[in-house]
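K.L.:
need coordinates for the following:
(chains A and B)
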Amino acid sequence: MLRVEGLSHAFRNGTETTTVLRDINFQVRQGEIVALLGSSGSGKSTLLNLMAGLMKPTEGDIYISDHNIVKMNENQLSEFRRKHIGFIFQAYELIANLTVRENVELPLVFQSVSPSIRKQKALSLLEQVGIPEKAELFPSQLSGGQQQRVSIARSLITEPSVIFADEPTGNLDTKTEEEILAILKRLNSMMKTTFVIVTHEREVAAQTQHIISLRDGYLITDRDPSDATPLAEVTTG
Amino acid sequence: MRIGDLTRLSWDQVRRRKVVTALCAAGLSIGCAAIILALSIGESAQKYIETEMNSFFKMDEITVTANEGVSTGRNQGGQASSGNPAVGDDSKDRGKLTDQKLAIMKNMKHVTAVAPFQQINYMEMSTTDNRKSYVEVIGTDLNMLEAFDKPFMNGGPSDLIGTIVLNYGATLGLADAEARDKLIEQLSRNPYDSTLVEQYEKMNRMPASLFQRQVQFLGYLNDGKAIRTSQLRVTGVLKKPKGVSENAVAYDKKAYVSLETAQMMRQELNMGRGGSADEASYNSVIVKVDSQENVEQVERQIKKLTLNTQTNLQQKERLAEQFSIIKAVALGGGVFILIIASISIVVAMTMSTYQRRRQIGIMKVLGANLAQIRNMFIIEAALLGLLGGLLGILFSYWIVWGINGLIQSMSGGGQDAVIIFVPMMAIPVGMAFAILTGVISGIYPAVSASRTDALTAIRRD
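P.N.:
Below is the predicted model:
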């Protein structure tokens, strides 16, 4: 479903070049929850941005549902993101002047879906994330956990192949973190949507089926569900 | 993306960003109001001058005079040499304005009326109770007055000799001779005394009921001796003309008499006929045409009768030419203000784009493409233009109302003041300019917004 081949990326700052990712290769199956685990500066966020088509790699290819997104231009990428990719941000990134329902509907607005269908889908997703009664409130009237639920509902509304979540529990307390992870796992099993979660927390990674660990731009472990390596070894690595 | 969604999202921003909206709408409204005002002042002034010109010059009338340049004694003019005994020696002078030519003109297509209008003189008119005023006496066919837009307020024309028809102005300002002389003397001593001026104006506008009353005219002989006509009975008073101010009416004093009465008055006052004793020909006649558009065509036909013609169309063309220049300059001024205003929009919207780059980034990550982001900003700019346009229309009405009030107060509440009106055509023009300026000004910020790098925008420091 998601395949990364020979991916390298370097930032150029004047005459200096900093390589942040070096020859990364891995693949993710449809319906998996994958954790991209790494400490600050490991290159995990860069990898996520590359996989989401927000950056172009210096080298290598990224295939999502057999489409090489590295070869796409900006408009093709917009189109592709709109149909195949969902996003969950650490800081939720809801539009303040839109209601919760309108925020959830937003990706469908860009697809010219009719308002009645949008509304129906948004309300159904808000129910699935447990906040149907908040539909007509504004984001500022919700708690952090509730806002993240809205963000999850928004990422799912286009029924994407893959959802990239950048530190989705980074701004939340432990209890809310558990609730959010539980929602993600439930939706994953229900909808068979692939989730790629970037995290620096081993506890979060431990709850996923597939962990890819990065350190200083190198992929150090790729423990997929078929791997017999004990999870504890990977997460403590 | 649906147009409804685009508009809703853009309108949300317009509503939410009150400072930017206020700045942009204010700039656009000033520009829009400037355009509407420029058009209004130009159009109103043109209308005013045209109305004044129409009231003085009568654009649908042709003044026909005898063609004195044509030599006499040739018997070859077809029309003039008819067997009509009334015409008599017309064949001797083809350029004469005869009854026969009058009849031909009356039958011309588009001609609604033909009548001689012969000015006799400006004379002092006095009533039986010795109230006096100066009027212009005109000899004409009294039965044709109504056909020349001179409807009667009282009475009507009479075929009897010794009857007279007065226009509305001639019934105003008839004052006791002694009182008038006294007031004029006082005024000459204190010309800036506002009470005296007011008193004099009031006297000039004072109406008198002259219908069925007797009036007399005063003339002077060569030796300076005063001589009076016999009493003339007022059989009709004309209505006050429409669209003419009180002042203009008060100074337009005319008395119409039949050609026979005019002849009688001339004899009584020993005035003669100005060298012509031929009763079947006229010095000048006025031809009324059904519309201004047909004046030229009728004029051409009249010229074929070896007569001189004079119309006021040339004045109108000259005026239209002058006003088209004035309007173009005024419109240019309005557009210039709008261009200046557009700079504020570009600045305000670019600032707004910068402040919203994070939101733009999120939208791009969620799948909005370049065109969708750009269109959102352009529609936002168009909405600002619409708001600015609506405000501009409101402002222009207020300003016009203010200017009219000022003109009225400066003219002492008289009706002479130029009343500025907002022509209907100015509103869509002003609105279109405002929206267009909004859209054009919004292009740069919109393109700049659409080029926002999503990743840079959503990255948190």
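
K.L.:
so what touches stretch A:195-211?
P.N.:
If you take CB atoms under 8 Å, 6 or more residues apart in numbering or on different chains as the criterion, stretch A:195-211 is touched by A:2, A:28, A:32-40, A:44-45, A:47-48, A:51, A:162-170, A:177, A:181, A:184-185, A:188, A:221-225, A:231, A:234-236. (C-beta placed from N, C-alpha, C; glycine too.)

K.L.:
any of these buried? List them.
P.N.:
A:2, A:28, A:32-38, A:44-45, A:47-48, A:51, A:162-170, A:177, A:181, A:184, A:188, A:221-224, A:234-235 (16 or more other CB atoms under 10 Å in any protein chain shown).

K.L.:
got the residues of chain B near chain A?
P.N.:
Chain B comes close to chain A at residues B:1-2, B:4-5, B:9, B:12-13, B:16, B:358-359, B:362-370, B:372, B:454-455, B:458, B:460, as judged by CB under 8 Å from any CB of the partner chain.

K.L.:
and the most centrally placed residue in chain A, how close does it get to B:I302?
P.N.:
Nearest residue to the geometric centre of chain A (CA atoms, centre = their mean): A:F164, 1.2 Å. Distance of A:F164 to B:I302, computed by CB to CB, to the nearest Å: 91 Å.

K.L.:
check A:A35 too.
P.N.:
Taking CB to CB, one finds A:A35 at 103 Å from B:I302.

K.L.:
go on, B:L384?
P.N.:
B:L384 is 59 Å from B:I302, by CB to CB.

K.L.:
tell me the bridge partners for B:Y220.
P.N.:
Under DSSP bridges, the beta-bridge partners of B:Y220 are B:A226.

K.L.:
pretty sure it contacts B:N270?
P.N.:
No: at 9.6 Å, B:Y220 does not count as touching B:N270 under the criterion of CB atoms under 8 Å.

K.L.:
name the residues contacting each of these two.
P.N.:
B:I227.

K.L.:
could I get the full set of helices for chain A?
P.N.:
A:44-51, A:74-84, A:100-109, A:115-128, A:144-156, A:174-191, A:202-206, A:231-236 (DSSP state H).

K.L.:
nearest residue to A:N49 other than its sequence neighbours?
P.N.:
Counting by CB to CB, 6 or more residues apart in numbering or on different chains, A:N49 lies nearest to A:M55, which is 4.7 Å off, once chain neighbours are set aside.

K.L.:
the one you found: neighbour count?
P.N.:
A:M55 has 17 neighbours, counted by other CB atoms under 10 Å in any protein chain shown.

K.L.:
and it, what does it touch?
P.N.:
With CB under 8 Å, 6+ apart, A:M55 has these contacts: A:9, A:46, A:49, B:455.

K.L.:
how much space between it and B:A341?
P.N.:
Taking CB to CB, one finds A:M55 at 40 Å from B:A341.

K.L.:
on the pLDDT front, check the closest residue to B:K106 other than its chain neighbours for me.
P.N.:
Spatial nearest neighbour of B:K106, excluding adjacent residues (CB to CB, 6+ apart): B:V114 at 4.8 Å. What the model reports as pLDDT for B:V114 is 90.

K.L.:
same question for B:R300.
P.N.:
90.

K.L.:
next: B:I443.
P.N.:
Looking at B:I443, its pLDDT is 90.

K.L.:
hmm, it is touching B:N375, no?
P.N.:
No: applying CB under 8 Å, one finds B:I443 not in contact with B:N375, separated by 11.2 Å.

K.L.:
with just CA atoms, put stretch B:299-307 into CSV.
P.N.:
The C-alpha coordinates for stretch B:299-307 follow below in CSV (Å, rounded to 0.1, in the frame of the first residue of the first chain):
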residue,chain,number,x,y,z
GLU,B,299,-35.3,72.7,-42.1
ARG,B,300,-34.0,71.3,-45.4
GLN,B,301,-37.5,71.4,-46.8
ILE,B,302,-38.2,74.9,-45.7
LYS,B,303,-34.9,76.1,-47.3
LYS,B,304,-36.2,74.8,-50.6
LEU,B,305,-38.9,77.6,-50.3
THR,B,306,-36.1,80.2,-50.6
LEU,B,307,-36.3,81.2,-47.0
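
K.L.:
tell me which residues of it are tucked away?
P.N.:
Buried residues in stretch B:299-307, counted by 16+ other CB under 10 Å: B:299, B:301-302, B:305-307.

K.L.:
now do the end-to-end distance for stretch B:124-136.
P.N.:
Stretch B:124-136 has an end-to-end distance of 9 Å (CA to CA, to the nearest Å).

K.L.:
again, but for stretch A:91-105
P.N.:
Stretch A:91-105 end-to-end distance (CA to CA) = 19 Å.

K.L.:
neighbouring contacts of it?
P.N.:
Looking at what lies outside stretch A:91-105 - CB under 8 Å, 6+ apart - the contacts are A:106, A:118-119, A:121-123, A:125-126, A:131, A:134-140, A:142, A:144, A:147-148, A:150-151, A:153-154, A:157, A:171, B:12-13, B:16, B:358-359, B:362, B:458, B:460.
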